[in-house]
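Participant: next one to model:
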Amino acid sequence: MYELSEEPEISDEVKINLFADNLPGISPEDSISVLPFLTSASFNKDTVIFTEGDVSDFICFIVSGEVIVVKEDSQHLRFDSNYEHQIMSRLHKDQLFGELAFLDELPRSASAVAVSDTVIIKLDRDHFDKMREENPRLWGNIILSISKLVCARLRRSGGALVDLRLSIDSALSALAN
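Facilitator: Model prediction:
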């Protein structure tokens, strides 16, 4: 991970709103309790935030900028006109990413790249573990909320796969005729 050296200043209000507005079941009060556990980071355009296969030590919300999540098709990411087919998703302001590997503690399943100058707030593993010790109710609420978000994404992905299969079947049928 290649962060800029200085931590950007992000208001508590922005952090509170990110959690309360984007994690199902997290109240503004819970969001206030999360503040001591959060840090921020900035990334220049075309900077790798994390790489597929990395150990997951944080999840993050985008405060500003855009991030792509990509699957590698070789040992190294290619940042040229040929990487477009590798993009799994484009993420923008307020979106959470990095949650799968963070929850299951397996290596990252994809890489994340800042496609513009990007600022994030993050919850790292050490702070998350400290939260579990100091505020287990909050810790459990965050896990439940992230799980709900993951479930919603999985449901959308399942629908997209069915739509893709129908499109492929239709195209193959048209070619056969």
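
Participant: what strand or helix carries M88?
Facilitator: Using DSSP states H and E, M88 sits within strand 87-91.

Participant: next SSE after that strand?
Facilitator: Using DSSP H and E, the helix or strand that follows strand 87-91 in sequence is strand 96-97.

Participant: counting by contacts, list what that next one packs against.
Facilitator: Counting contacts by 3 or more CB pairs under 8 Å, 6 or more residues apart in numbering; DSSP states H and E, strand 96-97 is packed against strand 58-64. All C-beta spots, glycine's among them, are computed from the backbone N, C-alpha and C.

Participant: just checking, P24 touches S147?
Facilitator: No. P24 lies out of contact with S147 (CB atoms under 8 Å); the separation is 9.3 Å.

Participant: relative to strand 58-64, how tilted is the strand holding M88?
Facilitator: Orientation check (axes from the mean of the first three to the mean of the last three CA atoms, to 10 degrees): strand 87-91 against strand 58-64 gives 60 degrees.

Participant: what pairs with strand 87-91, parallel or antiparallel?
Facilitator: Here strand 87-91 has these sheet partners by DSSP bridges: strand 67-70 (antiparallel).

Participant: the closest residue to E105 other than its chain neighbours: neighbouring residues, count only.
Facilitator: Leaving aside its chain neighbours, E105 sits nearest to S56 (6.8 Å; criterion: CB to CB, 6 or more residues apart in numbering). For S56, the count of nearby residues is 20 (other CB atoms under 10 Å).

Participant: in this structure, which spans are strands?
Facilitator: 38-43, 48-50, 58-64, 67-70, 87-91, 96-97, 111-114, 118-124 (DSSP state E).

Participant: what's the pLDDT at A176?
Facilitator: On pLDDT, A176 comes in at 80.

Participant: just checking, I16 touches S33?
Facilitator: No. In this structure, I16 is not within contact of S33 by CB under 8 Å, at 9.8 Å.

Participant: now the lowest-mean-pLDDT helix or strand in the chain, how far from the chain's geometric center?
Facilitator: Least confident helix or strand of the chain, by mean pLDDT, DSSP states H and E, is helix 136-176 with a mean of 78. From the chain centre to the centre of helix 136-176 is a distance of 15 Å (CA atoms, centre = their mean, to the nearest Å).

Participant: that one vs strand 87-91, what angle?
Facilitator: Using the same axes, to 10 degrees: helix 136-176 against strand 87-91 is 130 degrees.

Participant: which other helices and strands does helix 136-176 contact?
Facilitator: When contacts are defined as 3+ CB pairs under 8 Å, 6+ apart, helix 136-176 packs onto helix 28-34, helix 99-104, helix 125-134.

Participant: so who does the spatially most central residue of the chain touch?
Facilitator: Geometric centre of the chain, nearest residue: F97, 0.5 Å, by CA atoms, centre = their mean. The neighbours of F97, taking CB atoms under 8 Å, 6 or more residues apart in numbering as the test, are I59, C60, I62, V67, V69, L91, A112.
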